[in-house]
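Q: Pasted the sequence and its predicted model underneath.
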Amino acid sequence: MLNPAYPAVRSWVDLDQLALRRFDDGVLVRAAEGLRVVADPIRAPHLAIPMLRSGLLRPGELWHLATWLAPALTRPQASTRGPDATLADALDRA
């Protein structure tokens, strides 16, 4: 990833020639069947269906992920209350 906002980048690199573009908010995961999409459905809703069809996530896992994510989306302030927890611990609790 190249951040074109840095003055040194602008002075040393011809940014117009690079034809920079944004990447989608997700990753490609190499599976036995080929590349599969895993993406943030909030930031990249057009990738939600390919992600659901990827075979990388089971329906139960999606349910638990949605349950874990819902409070942060509906009440963002609630995520700053209470003790800190690692991502792994928070996902395990969900």
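A: Nice, thanks for sending it over.
Q: Residue 47 against residue 41, yeah?
A: Yes: between residue 47 and residue 41 a contact is recorded at 7.1 Å, counting by Cβ atoms under 8 Å. Backbone N, C-alpha and C define where each C-beta goes, glycine included.
Q: Now do the same contact list for the spatially most central residue of the chain.
A: By Cα atoms, centre = their mean, the chain has its centre lying nearest to residue 40, at 3.9 Å. By Cβ atoms under 8 Å, 6 or more residues apart in numbering, the residues touching residue 40 are 25, 26.
Q: Low-confidence regions, the chain specifically.
A: 79, 94 (pLDDT under 70).
Q: which one's the longest helix in it?
A: In the chain, assigned by DSSP state H, the helix with the most residues is helix 59-74.
Q: What is whichever helix or strand comes after that helix packed up against?
A: Sequence-wise, the next helix or strand downstream of helix 59-74 (DSSP states H and E) is helix 87-93. When contacts are defined as 3 or more Cβ pairs under 8 Å, 6 or more residues apart in numbering; DSSP states H and E, helix 87-93 sits against helix 59-74.
Q: mind exporting the helix it packs on as PDB, just the C-alpha atoms?
A: Only the C-alpha atoms of helix 59-74 are listed here, as PDB (Å, rounded to 0.1, in the frame of the first residue of the first chain):
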ATOM      1  CA  PRO A  59     -24.000 -20.300   9.200                       C
ATOM      2  CA  GLY A  60     -23.500 -20.800  13.000                       C
ATOM      3  CA  GLU A  61     -20.300 -18.800  12.900                       C
ATOM      4  CA  LEU A  62     -22.000 -16.000  11.000                       C
ATOM      5  CA  TRP A  63     -24.700 -15.900  13.600                       C
ATOM      6  CA  HIS A  64     -22.200 -15.600  16.400                       C
ATOM      7  CA  LEU A  65     -20.200 -13.000  14.500                       C
ATOM      8  CA  ALA A  66     -23.400 -10.900  14.000                       C
ATOM      9  CA  THR A  67     -24.300 -11.300  17.600                       C
ATOM     10  CA  TRP A  68     -20.900 -10.100  18.600                       C
ATOM     11  CA  LEU A  69     -20.900  -7.200  16.200                       C
ATOM     12  CA  ALA A  70     -24.500  -6.000  16.700                       C
ATOM     13  CA  PRO A  71     -23.900  -4.000  19.900                       C
ATOM     14  CA  ALA A  72     -21.000  -2.100  18.400                       C
ATOM     15  CA  LEU A  73     -23.100  -1.200  15.400                       C
ATOM     16  CA  THR A  74     -26.300  -0.200  17.300                       C
END
